[in-house]
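> This is a predicted model, with the sequence first.
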There are 2 protein chains.
Amino acid sequence: MFNMSDKNKKSLTALGEFGLIARLAKKTFVAKHVVKGIGDDTAVLPLTRKKYLLFSTDLLCEGVHFTKKEDPFLIGRKALACSLSDIAAMGGVATSAVVSVGLPKSCPVHVVDEIYRGINTLARKFKTSIVGGDTVQNKTIIINVAMLGEVEKTKLVLRSGAKTGDQIFVTGPLGRSLTTKKHLLFTPRLNEAAYLVSHVKPNAMIDISDGLAADLGHILEESKKSAVLDEVAIPRMKGASLTDALHDGEDFELVFMLSRKQASKIFMQKHVKVFWIGEIIGQGRGLSLRDAKGKIKKINFKGYKHF
Amino acid sequence: MFNMSDKNKKSLTALGEFGLIARLAKKTFVAKHVVKGIGDDTAVLPLTRKKYLLFSTDLLCEGVHFTKKEDPFLIGRKALACSLSDIAAMGGVATSAVVSVGLPKSCPVHVVDEIYRGINTLARKFKTSIVGGDTVQNKTIIINVAMLGEVEKTKLVLRSGAKTGDQIFVTGPLGRSLTTKKHLLFTPRLNEAAYLVSHVKPNAMIDISDGLAADLGHILEESKKSAVLDEVAIPRMKGASLTDALHDGEDFELVFMLSRKQASKIFMQKHVKVFWIGEIIGQGRGLSLRDAKGKIKKINFKGYKHF
């Protein structure tokens, strides 16, 4: 299948994950009733007069999202957490999920039990029903979680809604999620998202899976805007450099945009911990960073590279 | 993680796929509003006053469901076809899907393009929107399709509805799907299912993925019934033995049960090709086979073994 005489030598590395997704999105069949297909944290589909249905999928692979040595309970927990984080980023509530698991033949049953215990711990916490699954023999452990959620139409937050003058916030410190194990232990920001969409309604929101710069980059692209971040304002995990905070993946915090009026309200509440990090400006300059001396320099969107 | 000092030495092989799924189903969180969770071809969830939402997931792995040498177009096609077949088995219509793909770094882009062309060919044919996806680097090619469908409440067919005296039918010849490539080339029986639920309303239905005996076994277990199949009536693919027809996996034909009254109608129509194969009897004897001389012997449920 990977014939070296292939005429089209373009590799996945050259294309990158986002290039690949963009390539696919162009060619897919999408019916008219689909509110939002490929290109946000979840798909948005019609549900009722007042609500949308959210639909997402996340594939976790051994060697990429976790190692063989990891606690299987935490692997299962992370699989569900990643999907819950996607639902949070839309301002939604998770309702149900189906779980596909690939397992080596040699995998002891209690390891599988632990993976499922991890999944169920978060399912119970966030009242998300596990309604189906598939199990297949595979060389390595892989877990795919597909999730459904709901959101009131008035509360839906897309990547594409950022406006000039919007203030940018994150829900927690960034960077070093791999070394601190935050990438396994994080609590998806569903409660925070629920508060935000009910009280200050962000104009745009995304969860940070590929790194602050890369994911904020998605918002800037979809919203056709630019942004300036205040270097000293970006909250960092202990020991994280500015580069770590900007480019490490899998923080699973929310980054969101509020109008100045809504931003002023956010400091009056104590329900959600938020950190101001910058401002949306008009199109053209991409993502920039202002240092302590007020000097501004452009930075790259690059995040975690899958290929 | 696969520490050999593990106290619980039970292996997945001993438990088997169905044992594993049953084990999981017991421990999962399921909210009250879920109509049917783990244990049918798809989950059944509330949607509108007149309709249910169907939700399924299917994981296809290199070395299990396809080989590295296979035409990537057919791999992609099969990934969507398996999920469409699950929706068909419930009597439903497929509406949208999300696709997760694991790919080796060395995978040429045109191979990925072909996989997606295969997916989109069937998506277009059955008007199923591809609304989201995930791409991850993995040692081997893996594809997970999670699918949503809809079914009118009055048309929903479960595995659990078979009644004593029901006549058993299949939609096509069975066995040798691997050698004949039917496992890659099959057309999911959505049109046939739509006709059946509108005109004769089966009492129970399932798609044959693990082999006729194994999948009919699921219906017998869920319906708490037994069945006798007529050996000579079971339609076979060219060159397939009776054993092949009973136990080979991935035929992706529908097997369904009709009351005697409905069964009499099925021969009056020309829309769906069906083959009568046997009868549902009361609980107790499991699955039996009647040979040409009228002699009855019990057969095993065993189908394709994933572990």
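Arrived safely, thanks for sending.
> from chain A, which residue is nearest to chain B?
Using Cβ to the nearest Cβ, the single residue of chain A nearest to chain B is A:Ala146, 3.1 Å away. Just so you know, the C-beta spots here come from the backbone N, C-alpha and C atoms, and that holds for glycine as well.
> ok, that residue touching B:Val98?
Yes. If you go by Cβ atoms under 8 Å, A:Ala146 and B:Val98 touch, sitting 5.8 Å apart.
> Comparing the two, which shows the higher neighbour count?
Counted by other Cβ atoms under 10 Å in any protein chain shown, A:Ala146 and B:Val98 do not tie: A:Ala146 has more neighbours, with 30 against 27.
> can you list the weak-confidence ranges in chain A?
A:1-11, A:14, A:18, A:302-307 (pLDDT under 70).
> Domain map for it?
A:12-154, A:157-299 (automatic domain parsing).
> Helices along the stretch 1-150 of chain A, start to end?
Counting by DSSP state H, counting those that start in this stretch, the stretch 1-150 of chain A has helices at residues A:12-27, A:72-89, A:109-125.
> quick revisit: need the contact list for the closest residue to the residue of chain A closest to chain B other than its chain neighbours.
Spatial nearest neighbour of A:Ala146, excluding adjacent residues (Cβ to Cβ, 6 or more residues apart in numbering or on different chains): B:Ala146 at 3.1 Å. Going by Cβ atoms under 8 Å, 6 or more residues apart in numbering or on different chains, B:Ala146 touches A:55, A:57, A:98, A:100, A:144, A:146, B:55-58, B:83, B:97-98, B:100.
> right, so of the helices of the stretch 1-150 of chain A, which gets closest to B:Lys36?
Of all the helices of the stretch 1-150 of chain A, helix A:109-125 sits nearest to B:Lys36, with 17.2 Å by Cβ to Cβ.
> Look up phi and psi at the most centrally placed residue in chain A.
The residue lying closest to the centre of chain A (Cα atoms, centre = their mean) is A:Asp207, at 3.5 Å. With angles defined as degrees, to the nearest 10, A:Asp207 sits at phi -100, psi 150.
> Quick check: A:Phe256 touching A:Arg159?
No. Counting by Cβ under 8 Å, A:Phe256 stays clear of A:Arg159, with 10.4 Å between them.
> So for these two, which sits in the more crowded spot?
When neighbours are counted by other Cβ under 10 Å, A:Phe256 and A:Arg159 differ, and A:Phe256 comes out ahead with 31 against 23.
> Surely A:Ile234 touches A:Leu212?
Yes. The criterion here is Cβ under 8 Å, and A:Ile234 meets it with A:Leu212 at 7.3 Å.
> Overlap of the contact sets of those two?
With Cβ under 8 Å, 6+ apart as the test, A:Ile234 and A:Leu212 both reach A:Val170, A:Leu174, A:Ala245, A:Leu246.
> Leaving aside the residues adjacent along the chain, what's closest to the second one?
In space, and not counting its chain neighbours, A:Leu174 is closest to A:Ala245: 4.1 Å by Cβ to Cβ, 6+ apart.
> Give me the number of neighbouring residues for that neighbour.
Counted with other Cβ under 10 Å, the neighbours of A:Ala245 add up to 24.
> That one: which element?
helix A:242-247 (DSSP states H and E).
> which residues in chain A form strands?
A:43-46, A:51-61, A:93-103, A:129-137, A:142-152, A:167-170, A:204-207, A:226-230, A:254-258, A:275-281, A:287-290, A:296-299 (DSSP state E).
> For A:Ile234 and A:Leu212, indicate the residue with more neighbours.
A:Leu212 (27 against 21).
> now that one: how far from A:Thr243?
A:Leu212 is 11 Å from A:Thr243, where distance means Cβ to Cβ, to the nearest Å.
> A:Asp166 now?
Distance from A:Asp166 to A:Thr243, by Cβ to Cβ: 25 Å.
> the more surrounded of those two?
Using other Cβ under 10 Å, the more surrounded residue of A:Asp166 and A:Thr243 is A:Asp166, with 26 against 12.
> contacting residues around that one?
So A:Asp166 contacts A:Asn203, A:Ala204, A:Met257, A:Leu258, A:Ser259, A:Arg260, A:Ala263, A:Glu279, A:Ile280 (Cβ under 8 Å, 6+ apart).
> And for the last one, nearest residue in space, chain neighbours not counted?
Setting aside the residues directly before and after it, A:Ile280 is nearest to A:Asp166 in space (Cβ to Cβ, 6+ apart), at 4.0 Å.
> Ok, the third one next?
Using Cβ to Cβ, 6+ apart and skipping residues adjacent in sequence, the residue nearest A:Met257 is A:Asp166, 3.9 Å away.
> ok, the one you found to A:Ser259 distance?
Here the criterion is Cβ to Cβ. By it, A:Asp166 lies 6 Å from A:Ser259.
> Overlap of the contact sets of the two?
Common neighbours of A:Asp166 and A:Ser259 (criterion: Cβ under 8 Å, 6+ apart): A:Asn203.
> A:Arg189 is in contact with the residue nearest to the centre of chain A, correct?
Yes. Contact between A:Asp207 and A:Arg189 holds when scored by Cβ under 8 Å: they sit 7.2 Å apart.
> So for these two, which residues contact both of them?
Shared contacts of A:Asp207 and A:Arg189, counting by Cβ under 8 Å, 6+ apart, come down to A:Ser85, A:Ala88, A:Phe252, A:Glu253, A:Leu254.
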